[in-house]
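>>> what's the 3D shape of this:
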Amino acid sequence: SCSKSVTSLCIYPTGSAGVAGPRLNNNWVYKFRYNTEVLVDRAKGSKEGNAGYKISSDVDVNLVWRDPNSNDDQLIQLAISNVKIENVALRSAKKNILHGATAQSLLGEKRLAALERPFMVHLKNGKVTSLLREGWEPCQVFLQIVSGFYCYKAEPATIKNLKRGVASLLQVQTSSGKVIENDVSGRCTVEYRAVQGKVTRTKALDTCKSMETGFTTYIQVLGVTGKSSSVTVFTLEDGFIKSAVAEETHMLAVTARRQTAAKVVSRQTLTLVKTEAGPFEASGKNAASVVKSLDEKLFAVGVTAEKVKSQCKGCQSLFEHWKAVQKQFEPDSLSKAIAPRSFLALIQSIRKASKTEILQVLKSASKTALPQVVDAVTSSQTPASLDAMLQFLNFADPKGLVLQERFLYACGFASHPNERMLQNISKGKIGSNDIKESVVIIMGALVKKLCQKGGCDLPTVVEVKKMILEGPDSTLVESDVQMYLLALKNSLLPEAIPLFAKYAESEIGAYCTISLTALQRYSITLITDEVKRTVNRVYHQNRRVYEKNVRAAAADVILSSNPSYMEVKNLLLSIGNLPKELNKYMVSKVKDILHFEMPASKILRQAMKDMVSHNYDRFSKVGSSSAYSGFMTGTTDAATTYSLDILYSGSGVLRRSNMNIYGTSNGALLHGLQVAIEAQGMESLIAAKPDEGEEDLESFAGMSALLFDVQLRPVTFFKGYSDLMSKMFSMSGEPMNVVKGLILLTDHSQVIQLQSGLKANAEFQGGLAIDISGGMEVSLWYRESKTSVNNRGAMVVTGNVTVDMDFVRTGMEVSFEMEASLDFITTVQFSEYPFLVCMQMDKVTFPFSEYLTKYESLPSGKNYLSHKGHKQLVPGSEFPLHQENSDMCKRVFDSDWPDNAGLFFNSFL
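Numbering: from 1, shown residues only. So this is what the prediction gives:
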């Protein structure tokens, strides 16, 4: 057995005792013909349309040594010769970059000589022997230090990997069973099925552990799904291999749009042509001593593929790249697809750059483009990019708020954050209170992502968890308590649920709302009966009177947490005894759940069979508040839904407006967007009477946004009557920004080690340029108000698969892009009751394009490029709401909104 030590040496068995492998005869040379090819194409592509190449050669195999005590312990030599490299697809000479090329002209004399230099493999029971050193850190895999694969150490990694690929076709056992093997792909679980001279080897590629690992987006809806297979069929004759045919396929697709997909196919064939007389078996104590006696330059280098360092000749430096694309990072370009496409390309360049190079770009960017550069540098998530940002930003300077917050938000959206990122943003002096709040809130988001990756016990994560869990009870400053609660809302720590239940019953409405909306984000399985009892007490006001928006939030939690029959019945019985607008909101909420077939619809229908709970008196309450859900888009791969909840005060002033957009795909859910506008204490402006429980509320209006499951720092329009009055006359009347920038949505990097020794690199990325603005207008003269949320965005998703072997490069890119906008406008006329409310949610016509590019190139500059595209216009539409809203809009727009009359209050974020 092996102790769990990084330095321990372990011999790993590759099969059961007694399992036999192929046996070579002494004094024979087995002459094989070997072919391997790699194809890159769309998921449903044809061979004619592939990009790729094939390598063919002769391979001579002979026995060098056999253990006198075991016929299945053999040292064999392999020699490759007559190498040819050709294009896979049948193309004209003009489009065939390999036309007329020889192996020597492509590989060069030295590399060809290395490829044709004989190498040796030590097989025991049909498997390559391996002596391994294993690491036990999280995500760390074994490091081979001794192996039964022998070649020259100085040979290029690409050449050694090709030799390993040939050796993989000699590794076979002649009986059925499941084993763990080491080969060029890594350490994999393999199943053998032997039937009458044929053996089928099926490799479970998802079990393979190798030196090179990648990363992927933690959000499933925005991620990449993969499917792979590897099957080799051996035909045996006279105890040895007559032929081996292998096919390996890797499919990668964007989860939410599976048409954006790529496929890599690798095939190998090894066919015995003839046998000839060969050298006699050597004598020796063991395989290693025999190898040494025959050629001192042969070393055991490990059968698992080595990492190949790609060399880019003539590539642009990061600064040169930046100079070429800097115009696309100006604010005016953010609504165009070129912005996220340039953003993704710049990230790739930054990931290869040093800290010094990155700082050069940051210092050279214009003031208007700099926030977008900060987005790109932070999203790169390399040690050099993080160091550059920390050196470039001065968090002690309160004037740098915009750049500091952009950095923090990009950290919050990070696809694969590490402990160091969390550690660095949690340390140091902070000059702005707003930035302090953002730091703590984003720390919660990073804790969630690190815990999802299994890093909940990392020292920094443990320290931050302790801080935010103890935070709400450690201060009496209202803004600080809200800050910690929002951080916990982002973290989704199960330990925070009792804390949210406690603060849901607070006397301060903001604490209650944050806590209740946080509880709604947890899995239903974590909402205990005690928590449910707490939320029911809030809704039914068993202990104190609560604000309407708090009770509405409590109702949302009850109805989304697998409610019992009695919970639903009591909720229905409360309708009719609530404040006017809350009555109307609850009726609308119940109807929406039934209409949209939400999980609570079944229990609601049961409870509504009781005429006491469900009757005309309860469900005919007048008012303007509403709740409505609907579908925005729907395909076989994904669906997008929206919900609009509007709650008014009894005087007709907006109390809460909540717009949500959700994405679902393959059973996974993403809360893509939430924009909430809240207002209170506005009744004094129109000489109206406040609702019960809201008589002493301070005038306040603000907005908060949640983007891709990350809660951002809320922003206040005004707080207090004097602040309200000063802003009433000072604001410009133009909508103000809520969120603006570039976000890395999809980020998937994968190294695909093929059994042939070739290697494919897959990079799938999705970028979003987003601009969300919102505002609120109130005309006291016309007793009319408007709230608006304007969403502008451009998205690009690219998938790039490349097979780069130094001497030839082939690959393909699939991508799609779109530019879209979505506006949500609510117009309220409160000159009479019930007041008139018109909600509009409009999507304008937008372009959608998809592209397919295939490419092949040689270091000499000779290349082949095929580019295809398809563009279409997606028609705009106004999303349907309930019929009452349609009728109300007709009445509202009978008279036009006044342009310049009376006293207007304009307050925007």
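>>> what sits against Val61?
Contact partners of Val61, counting by CB atoms under 8 Å, 6 or more residues apart in numbering, are Leu24, Val29, Tyr30, Phe32, Ile76, Gln77, Leu78, Leu170. (Each C-beta comes from the backbone N, C-alpha and C, glycine too.)
>>> what's across from it in the sheet?
Counting by DSSP bridges, Val61 forms beta bridges with Tyr30, Leu78.
>>> ok so, going back, JSON lines for the contacts of Val61, including neighbour count?
Below are the contacts of Val61 laid out as JSON lines (neighbours: other CB atoms under 10 Å):
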{"residue": "Leu24", "neighbour count": "24"}
{"residue": "Val29", "neighbour count": "17"}
{"residue": "Tyr30", "neighbour count": "23"}
{"residue": "Phe32", "neighbour count": "24"}
{"residue": "Ile76", "neighbour count": "22"}
{"residue": "Gln77", "neighbour count": "22"}
{"residue": "Leu78", "neighbour count": "20"}
{"residue": "Leu170", "neighbour count": "26"}
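>>> please identify which pair of the residues you listed lies farthest apart.
Val29 and Leu170 (14.4 Å; CB to CB).
>>> may I have the phi/psi pair for Gly702?
Gly702 adopts backbone torsions of phi -160, psi 170, taken as degrees, to the nearest 10.
>>> leaving out chain neighbours, which residue sits closest to it?
Nearest non-adjacent residue to Gly702, counting by CB to CB, 6 or more residues apart in numbering: Thr716, 4.3 Å away.
>>> you'd agree Ile497 is in a helix?
Yes: Ile497 sits within a helix when classified using DSSP: H, G, I helix; E, B strand; the rest coil.
>>> name the nearest residue to Thr528, ignoring sequence neighbours.
Ile497 (7.6 Å).
>>> ugh, typo on my part, it should be Val254
Thr260 (4.3 Å).
>>> number of nearby residues for that neighbour?
26 (other CB atoms under 10 Å).
>>> tell me the SS of it?
Secondary structure, three-state DSSP: Thr260 is strand.
>>> ok, it touching Met812?
No: under the criterion of CB atoms under 8 Å, Thr260 is not in contact with Met812, lying 11.7 Å apart.
>>> if we can go back for a sec, next up, the contacts around the residue nearest to Val254.
Counting by CB under 8 Å, 6+ apart, Thr260 touches Ala253, Val254, Val797, Gly799, Val814, Ser815, Phe816, Glu850.
>>> just confirm the third one is within a helix.
So that's Val797. No: applying three-state DSSP, one finds Val797 to be strand, outside a helix.
>>> where's it relative to Pro340, distance?
9 Å (CB to CB, to the nearest Å).
>>> any idea which residue is closest to the centre of this protein?
In the chain, the residue lying closest to the centroid (CA atoms, centre = their mean) is Thr217, at 2.3 Å.
>>> what does that residue show for phi and psi?
phi -70, psi 140.
>>> residues in contact with it?
Gly223, Val224, Ser415, His416, Leu745, Thr746, Asp747, His748.
>>> chain neighbours aside, what residue packs nearest to the fourth one?
With sequence-adjacent residues excluded and distances taken as CB to CB, 6+ apart, His416 is closest to Phe215, at 4.2 Å.
>>> and that neighbour, how close does it get to Lys292?
Computed as CB to CB, the Phe215 to Lys292 distance reads 41 Å.
>>> looking at Val797 and Pro340, which one has more neighbours?
Ranked by neighbour count (other CB under 10 Å), Val797 and Pro340 place Pro340 first, with 30 against 26.
>>> and for the more buried one, nearest residue in space, chain neighbours not counted?
Distances taken as CB to CB, 6+ apart place Gly767 nearest to Pro340, at 3.4 Å, with adjacent residues excluded.
>>> next, the one you found: phi, psi?
When read as degrees, to the nearest 10, the backbone of Gly767 gives phi -120, psi 150.
>>> now do Thr640
Per degrees, to the nearest 10, the backbone of Thr640 is at phi -120, psi 130.
>>> okay, now it: neighbour count?
If you count neighbours by other CB under 10 Å, Thr640 ends up with 18.
>>> what's near enough to touch it?
Phe631, Met632, Thr633, Gly634, Ile661, Tyr662, Gly663, Thr664, Gly672.
>>> check the gap between Ala262 and Glu850 for me.
To Glu850, Ala262 is 13 Å away according to CB to CB.
>>> of those two, who's got more company?
Looking at Ala262 and Glu850 with other CB under 10 Å, you find the greater number of neighbours at Ala262, namely 26 against 18.
>>> quick one: contacts for the residue nearest to Thr528?
Applying CB under 8 Å, 6+ apart, we find Ile497 in contact with Leu519, Tyr522, Leu526, Ile527, Thr528, Val531.
>>> repeat that for Arg713.
Counting by CB under 8 Å, 6+ apart, Arg713 touches Glu405, Asp434, Glu437, Ser438, Ile441, Leu486.
>>> closest to Ile55 out of those residues?
The closest of the contacts of Arg713, once distances to Ile55 are taken by CB to CB, is Glu405, at 52.7 Å.
>>> all helices for the stretch 151-300 of the chain, in order.
Using DSSP state H, counting those that start in this stretch, the helices of the stretch 151-300 of the chain run over 157-167, 287-294.
>>> pick the most buried one from the ones you listed.
Of the helices of the stretch 151-300 of the chain, the one with the most neighbours on average (mean count of other CB atoms under 10 Å) is helix 157-167, at a mean of 24.
>>> picking up where we left off before, report the beta-bridge partner residues of the residue nearest to His416.
Going by DSSP bridges, Phe215 forms beta bridges with Ser749.
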